[in-house]
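Show me the folded form of this:
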Amino acid sequence: MVIITLQRAKCIGCNYCVELAPTQFQMSKKDGKSVLLHSVEKKGFHTIKSTDENILEANLKASAACPVKIISVKQT
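Presented below is the predicted three-dimensional model:
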């Protein structure tokens, strides 16, 4: 299982996550911040849990590229 978490409030809108993992992220037209698609929000953390292991590599790259380090990717 792959768990991806985004702290959206801290997003600066750099777009790296969208470029590296477009199946999980897109930019909001309302505020220019990243949106973690199909996520559940709890206390400012947007999280998805996926059984698709194929998304792991792209999201690890997105997490590493994020200049404000607000993307967490774990594999369980």
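
does the residue of the chain positioned farthest from its centre sit in a helix, a strand or a coil?
Largest separation from the mean C-alpha position in the chain: Lys30, at 17.5 Å (Cα atoms, centre = their mean). Secondary structure state of Lys30, per DSSP: H, G, I helix; E, B strand; the rest coil, is coil.

ok, it to Glu53 distance?
32 Å (Cβ to Cβ, to the nearest Å). Every residue, glycine included, has its C-beta placed from N, CA and C.

so how far is the helix with the most length in the chain from its chain's centroid?
Counting residues, the longest helix found in the chain (DSSP state H) is helix 56-65. Taking Cα atoms, centre = their mean, to the nearest Å, one finds the center of helix 56-65 at 9 Å from the center of the full chain.

For Phe45, which residues are in contact?
5-7 (Cβ atoms under 8 Å, 6 or more residues apart in numbering).

quick one: which of those residues has the most company?
Leu6 (27 neighbours; other Cβ atoms under 10 Å).

surely that residue meets His46?
Yes - the pair Leu6 and His46 passes the contact test of Cβ atoms under 8 Å, sitting 4.5 Å apart.

Give me the common contacts of the two.
With Cβ under 8 Å, 6+ apart as the test, Leu6 and His46 both reach 36, 39.

any idea of the mean pLDDT in the longest helix of the chain?
Confidence for helix 56-65, expressed as mean pLDDT, is 98.

can you pull the buried residues of that helix?
Judged by neighbour count (16 or more other Cβ atoms under 10 Å), helix 56-65 contains these buried residues: 56, 58-63.

Make JSON lines from those residues and add distance to Phe25 to it.
JSON lines is the format used below for the buried residues of helix 56-65 (distance: Cβ to Cβ, whole Å):
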{"residue": "Leu56", "distance to Phe25": "14"}
{"residue": "Ala58", "distance to Phe25": "10"}
{"residue": "Asn59", "distance to Phe25": "9"}
{"residue": "Leu60", "distance to Phe25": "13"}
{"residue": "Lys61", "distance to Phe25": "12"}
{"residue": "Ala62", "distance to Phe25": "7"}
{"residue": "Ser63", "distance to Phe25": "11"}
